[in-house]
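> here you go, sequence then predicted model.
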Amino acid sequence: MPIQITYHGHACFGIQTDTANLLIDPFLTGNAMADVTPEQVSPDYILVSHAHGDHLGDALPIARRTGATVISNYEIANYMGKHGVKAHAMHIGGAHVFPFGKVKLTIAHHGSSFPDGGYGGNPCGFLLWLEGKLLYFAGDTALTCDMTLYGAEGIDVAMLPIGDNFTMGPEDAVKAVGFLQPKTAILMHYDTFPVIAQDAQAVAAEVKAKTKAEPVILKPGETLVVA
Ligand code: NI
Ligand code: MN
């Protein structure tokens with residue numbers, strides 16, 4: 001079965017492979033864009049890009065209920081462990097082969113404090129080698145030249161923020177697609193709050209005009225099948 005990527009609004013994605021259900025940045029409670037509640041997801045692994053509330057989200061209660069393993073940076077993994085859930089600590093540049101595939105933490109230019117102000121380590125993105133496909137989840141980040149390095153790996157699907165203000169905006173996101181050269185670019189991290197409202201259709205049109213990637217806009221609840 002091909003990999004299925006389901007958007008749950010903001011920066012939350014469910015990724016279903018033959019062997020595992022992954023959930024990235026499960027900000028569901030308090031997310032007006034979310035199509036599911038924390039009780040409606042059943043991941044085997046939860047990937048957390050940084051500790052900001054709109055990414056850490058419901059990771060802890062979901063992991064407690066499902067027994068999912070949290071994959072994140074050392075500081076967030078430690079926090080999860082202290083709160084009694086399974087966690088696998090990694091850090092930027094490091095890769096690990098899990099039963100479902102390989103995960104590598106990438107650079108994200110951003111912050112990562114917990115909602116209470118506690119230290120959440122450095123923010124990251126993820127390269128995910130799953131069943132012969134390479135996915136890149138940028139996380140919250142500025143445009144960075146490092147993306148050319150990730151692009152050299154041969155990315156099938158990139159998930160990129162376009163919201164501006166806290167992350168790359170439309171112009172830099174289009175440049176990022178140029179650096180990454182993915183076959184498909186899914187737009188994320190926009191419209192959740194007024195300050196990150198964007199015309200995603202216009203961004204998609206720019207991606208189509210200026211890069212070789214196929215832009216994809218998923219409504220919350222919609223799924224991209226990675227053929
Ligand atoms: Ni953030
Ligand atoms: Mn964010």
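Good, I have the coordinates. Residues are numbered from 1 along each chain as shown. Ligands and ions are numbered 1, 2, ... in the order given.
> what about Ile217, distance to ligand 1?
21 Å (Cβ to the ion, to the nearest Å). Placement of C-beta: from N, CA and C, glycine included.
> just give the closest residue to that residue, not the sequence neighbours.
Nearest residue to Ile217 in three dimensions, chain neighbours excluded: Ala200, at 5.0 Å (Cβ to Cβ, 6 or more residues apart in numbering).
> that neighbour: neighbouring residues, count only.
Using other Cβ atoms under 10 Å, Ala200 is surrounded by 18 other residues.
> which residues of the chain lie near ligand 1?
When proximity is defined as Cβ under 5 Å from the ion, the chain approaches ligand 1 at 52, 140.
> what segments of the chain are strands?
3-7, 13-16, 21-24, 45-47, 69-73, 87-90, 95-98, 101-107, 124-130, 133-137, 157-161, 184-188, 214-216, 223-226 (DSSP state E).
> what packs against the third one?
Put plainly, it is strand 21-24. strand 13-16, strand 45-47 (3 or more Cβ pairs under 8 Å, 6 or more residues apart in numbering; DSSP states H and E).
> quick check: mean pLDDT of that strand?
Confidence for strand 21-24, expressed as mean pLDDT, is 98.
> for the second one, same thing?
Model confidence over strand 13-16 averages 98 on the pLDDT scale.
> same deal with the first one?
The average of the pLDDT scores along strand 3-7 is 98.
> which other helices and strands does it contact?
strand 13-16, strand 133-137, strand 184-188, strand 223-226.
> that older thread, could you dump the strands of the chain into JSON lines and include mean neighbour count?
Output for the strands of the chain, formatted as JSON lines (neighbours: other Cβ atoms under 10 Å):
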{"stretch": "strand 3-7", "mean neighbour count": "21"}
{"stretch": "strand 13-16", "mean neighbour count": "22"}
{"stretch": "strand 21-24", "mean neighbour count": "26"}
{"stretch": "strand 45-47", "mean neighbour count": "26"}
{"stretch": "strand 69-73", "mean neighbour count": "25"}
{"stretch": "strand 87-90", "mean neighbour count": "20"}
{"stretch": "strand 95-98", "mean neighbour count": "12"}
{"stretch": "strand 101-107", "mean neighbour count": "20"}
{"stretch": "strand 124-130", "mean neighbour count": "24"}
{"stretch": "strand 133-137", "mean neighbour count": "23"}
{"stretch": "strand 157-161", "mean neighbour count": "28"}
{"stretch": "strand 184-188", "mean neighbour count": "25"}
{"stretch": "strand 214-216", "mean neighbour count": "18"}
{"stretch": "strand 223-226", "mean neighbour count": "15"}
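> could those strands go into TSV alongside distance to ligand 2?
Compiled in TSV, the strands of the chain are given as follows (distance: least, Cβ to the ion, whole Å):
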stretch	distance to ligand 2
strand 3-7	15
strand 13-16	14
strand 21-24	12
strand 45-47	14
strand 69-73	15
strand 87-90	20
strand 95-98	24
strand 101-107	16
strand 124-130	12
strand 133-137	12
strand 157-161	7
strand 184-188	10
strand 214-216	20
strand 223-226	21
